[in-house]
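Undergrad: Just a sequence and a predicted model for now, questions to come.
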Amino acid sequence: MSLKVVIVGGVAGGASTAARLRRMSEEAEIILLERGEYVSYANCGLPYYIGGTIEARDDLFVMTPQKFKAWMNVDVRTLNEAVGIDRENKEIEIIELGSGRKYRESYDYLVLSPGAEPLRPPLPGIDSEGIFSLRSVNDTDRIFSHLAGEDPQKAVVVGAGYIGLEMAESLHQRGLDVTIVELAHQVLPPIDPDMALLVQHYLRTHNVNLRLGNGVKQFHQVENGGLNVELNSGELLETDLVILSIGVKPEAKLAREAGLEVERGIKVNDRMQTNDPSIYALGDAVEVKHLVTGKPAVIPLAGPANKQGRIVANNIVGNSEHYNGTQGTSVLKIFDMTVATTGANERILKEAEIQYHSIIIHPNDHAGYYPEASPLSLKLLFNPEGKVLGAQALGFSGVEKRIDVLATALRLGGSVNDLQELELAYAPPYSSAKDPVNMAGFVAGNMLKSGYETIETEELTETDMSRLQIVDVRETEELKQGIIPGSINIPLGQLRSQLKVLDPKKETITYCSAGLRSYLASRILIHNGFNKVRNLNGGYYIYQTMQSEKQA
């Protein structure tokens, strides 16, 4: 097959397109243009190299231009930037960055995989020395050189997303005093505030300073070579190093100037084609369909970019294939904690006006009688018909395993009933006979079928508690952990014999440490004629953490 394909951009999307295209056609001419020095590297591994977990810099490189040529017969041209597209003549204009030479290449198909660029708002002083973003190997080298040459003692990380938290951990591991500044009132925007509270509390236990709900106003270079970061609140943070991790935006300039449709990102159909059938686009630069809401979204993740590359290549050679959407499955390591998520969070569901319920449980990662069992927190979001819409989990073992199961269920259109019926691998070192995923399905099923109602911690704290009857069913010795003001302590084992001390006509809230015993209590009360009973979602664990964060 006589076919010429030019690919703009390497790394995940472009490189996977080129490799798949070669596997599908030995005759195709494939040119891969990369404006940087490196064509295929592990950009997700960059923070771990800075922190020292990945010791050898060469381990970051997945494929060199020479290997690409030898293995795949792909003409890789690094330091070659695409600067214009002549759609009428099907040519692309290129600058060879080393020499400044301009030239053109014709194409039968053009693939755009330009990625995304870090947001860098025009704040006063943002171009001062010691302020870095992290997106490429060159960025990594600059940060690494600064750490080695300047021996900084303090760092400010602006932005509490995935890269921000990974960099905070990496710098902390190198012995720096780290402060995270985040304009939002929580870390990790992909998870809900009640789950983010648990992450924030954990970060504080590792002496990572948090400034939440407080953005940067400007940067000041000081005489000793350091920096002062002035916050919107007026606070000045003295530091030696700043990492900007505010987010990224799609690199859509080339597409926009060529007359391709661009909104949040480059618009493509489900075959990853732009409005020009001979031009495909993929990866962090494109706007995709959110699998849960069906609405356009920009979700910059390596996994979807690789899958899209395969689909683009298949479509170019005539094997029609469709991309059905991105659900945003992701996982993050923060010190010893794992945080993972899939599907929609509450904010996304509210913006899409999708009705939903949520439950939070805190099961052990494996059988409690087997050594080293540890609790994980799992939040499940589902619609009134029981369809799984999203999930979030965090803990110290088995977290990503559960999210992967829930991601699969969501992708296949599964319901909470399906979660109940899943037959998952069980042995005491790995799980319980009722896996946490099964338990989430059981609790969600109870909400839909058995009249089980919950109340969120935030709602409880904003309610006039004098009109509520709050029943704490923990054991007496657990009360030293703290109590909800105004609550009545009746341990679960004594509840049936002490029903007379409670008013069955008054709205009743039950709680325990995690939610299981208080659920049992709510069933007892309902069966004994109590009119309105709700269980505290997530238990005292969530309530206590929220109160602690308010005081931090």
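TA: Received it, and whenever you're ready, just let me know what you need. Worth saying up front: this structure is predicted, and the values here are computed from it rather than measured. Numbers count the residues shown, from 1 in each chain.
Undergrad: Pairing partners for Lys249 in the sheet, please.
TA: Under the criterion DSSP bridges, Lys249 forms beta bridges with Glu117.
Undergrad: I'd say it and Ala116 touch.
TA: Yes. If you go by CB atoms under 8 Å, Lys249 and Ala116 touch, sitting 6.0 Å apart. In short, each C-beta sits where N, CA and C put it, glycine included.
Undergrad: centre of the chain versus stretch 247-257, how much separation?
TA: How far stretch 247-257 lies from its chain's middle: 21 Å, per CA atoms, centre = their mean, to the nearest Å.
Undergrad: Repeat that for stretch 470-489.
TA: 35 Å.
Undergrad: same question, stretch 284-299
TA: Put simply, stretch 284-299 sits 14 Å off its chain's centre (CA atoms, centre = their mean).
Undergrad: Now do the buried residues in it.
TA: The neighbour-count check on stretch 284-299 (16 or more other CB atoms under 10 Å) flags 284-293, 297-299 as buried.
Undergrad: Mind putting these into a markdown table with pLDDT?
TA: Conversion of these to a markdown table gives the following (pLDDT from 0 to 100):
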| residue | pLDDT |
| --- | --- |
| Asp284 | 95 |
| Ala285 | 96 |
| Val286 | 97 |
| Glu287 | 96 |
| Val288 | 96 |
| Lys289 | 96 |
| His290 | 97 |
| Leu291 | 97 |
| Val292 | 98 |
| Thr293 | 97 |
| Ala297 | 96 |
| Val298 | 95 |
| Ile299 | 95 |
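Undergrad: now, which of these sits nearest Leu165?
TA: Ile299 (18.1 Å; CB to CB).
Undergrad: does the closest residue to His322 other than its chain neighbours count as helix, strand or coil?
TA: Nearest residue to His322, sequence neighbours excluded (CB to CB, 6 or more residues apart in numbering): Asp270, at 4.4 Å. Put simply, Asp270 is coil when judged by DSSP: H, G, I helix; E, B strand; the rest coil.
Undergrad: I'd like to know how many residues surround Arg523.
TA: Per other CB atoms under 10 Å, the neighbour tally for Arg523 reads 17.
Undergrad: Got the phi and psi for it?
TA: Arg523 adopts backbone torsions of phi -70, psi -40, taken as degrees, to the nearest 10.
Undergrad: and it, how far is that from Ile403?
TA: From Arg523 across to Ile403, the span is 29 Å (CB to CB, to the nearest Å).
Undergrad: thinking again about what came up before, return the distance of the residue nearest to His322 relative to Gly159.
TA: According to CB to CB, Asp270 and Gly159 sit 32 Å apart.
Undergrad: Farthest-apart pair in the buried residues of stretch 284-299, please.
TA: The widest separation within the buried residues of stretch 284-299 (CB to CB) is 21.9 Å, between Ala285 and Val292.
Undergrad: quick one on the thing from earlier: how many residues are close by the residue nearest to His322?
TA: Residues lying near Asp270 (other CB under 10 Å) number 13.
Undergrad: what does Glu235 give?
TA: Counted with other CB under 10 Å, residues neighbouring Glu235 total 12.
Undergrad: wait, it sits on Lys217?
TA: No. If you go by CB under 8 Å, Glu235 and Lys217 don't touch, sitting 9.7 Å apart.
Undergrad: ok, now which ones touch Gly325?
TA: Neighbouring residues of Gly325 by CB atoms under 8 Å, 6 or more residues apart in numbering: Val288, Lys289, His290, Leu291, Gly294.
Undergrad: can you check Lys532 too?
TA: When the contact criterion is CB under 8 Å, 6+ apart, the partners of Lys532 are Lys506, Glu507, Thr508.
Undergrad: ok so the first one is a helix residue?
TA: No. Per three-state DSSP, Lys506 lies outside any helix segment and is coil.
Undergrad: now the closest residue to it other than its chain neighbours: how far from Leu380?
TA: Closest residue to Lys506 apart from its sequence neighbours, by CB to CB, 6+ apart: Gln469 at 4.4 Å. Distance, Gln469 to Leu380, using CB to CB: 28 Å.
Undergrad: So these two - more neighbours on which side?
TA: Counted by other CB under 10 Å, Gln469 and Leu380 do not tie: Leu380 has more neighbours, with 27 against 21.
Undergrad: For the more buried one, give me phi and psi.
TA: phi -120, psi 130.
Undergrad: so it bridges to which residues?
TA: Ile359, Ala391.
Undergrad: so what pLDDT did it get?
TA: pLDDT for Leu380: 98.
Undergrad: wait, isn't it in contact with Ala444?
TA: Yes. Between Leu380 and Ala444 there is a contact under CB under 8 Å: 5.6 Å.
Undergrad: Give me the common contacts of the two.
TA: Ile359, Val416, Leu419.
Undergrad: From those, pick the one nearest Asp59.
TA: Nearest member of the shared contacts of Leu380 and Ala444 to Asp59, counting by CB to CB, is Leu419, at 38.4 Å.
Undergrad: Could you give the number of residues near the closest one?
TA: Other residues close to Leu419 by other CB under 10 Å number 27.
Undergrad: what's the closest non-adjacent residue to it?
TA: Nearest residue to Leu419 in three dimensions, chain neighbours excluded: Gly441, at 2.9 Å (CB to CB, 6+ apart).
Undergrad: Provide the secondary structure category for that neighbour.
TA: For Gly441, the assignment made with three-state DSSP gives helix.
Undergrad: I'd like to know how many residues surround it.
TA: Counted with other CB under 10 Å, the neighbours of Gly441 add up to 28.
Undergrad: Name the member of the contacts of Lys532 that has the highest neighbour count.
TA: In the contacts of Lys532, the most neighbours by other CB under 10 Å go to Thr508, 23 neighbours.
Undergrad: For the nearest residue to Gln186 once chain neighbours are set aside, list the residues it contacts.
TA: Of all residues not flanking Gln186 in the chain, Ala196 sits nearest, at 3.9 Å (CB to CB, 6+ apart). With contact taken as CB under 8 Å, 6+ apart, Ala196 is in contact with Gln186, Val187, Leu188.
Undergrad: what about Thr342, distance to Val405?
TA: On the measure of CB to CB, Thr342 and Val405 end up 10 Å apart.
Undergrad: who has more neighbours, these two?
TA: Between Thr342 and Val405, counting by other CB under 10 Å, Thr342 is the more crowded of the two (27 against 21).
Undergrad: any idea how far Ser415 is from Phe382?
TA: Distance from Ser415 to Phe382, counting by CB to CB: 7 Å.
Undergrad: Quickly list what's touching both of these two.
TA: Shared contacts of Ser415 and Phe382, counting by CB under 8 Å, 6+ apart, come down to Val388.
Undergrad: between the two, who's got more neighbours?
TA: More crowded of Ser415 and Phe382, by other CB under 10 Å: Phe382, with 27 against 19.
Undergrad: I figured that one hits His357, correct?
TA: Yes. Checked against CB under 8 Å, the pair Phe382 and His357 is within contact range at 5.8 Å.
Undergrad: For Ile7, what are phi and psi?
TA: The phi/psi pair for Ile7 (degrees, to the nearest 10) reads phi -120, psi 130.
Undergrad: Can you check what pLDDT the model gives it?
TA: The model reports Ile7 with a pLDDT of 98.
Undergrad: I'd like to know the beta-bridge partner residues of it.
TA: Note on Ile7: beta-bridge partners Leu32, Val111, judged by DSSP bridges.
Undergrad: Look at it and say how many residues are nearby.
TA: Neighbour tally, Ile7, other CB under 10 Å: 30.
Undergrad: Touching, it and Val111? I think so.
TA: Yes. At 4.4 Å, Ile7 and Val111 qualify as touching, with contact defined as CB under 8 Å.
Undergrad: Now the common contact residues for those two.
TA: By CB under 8 Å, 6+ apart, Ile7 and Val111 have these common neighbours: Gly14, Thr17.
Undergrad: How many residues are close by the closest residue to Ser466 other than its chain neighbours?
TA: Nearest residue to Ser466, sequence neighbours excluded (CB to CB, 6+ apart): Gly486, at 7.3 Å. Neighbourhood size, Gly486 [other CB under 10 Å]: 10.
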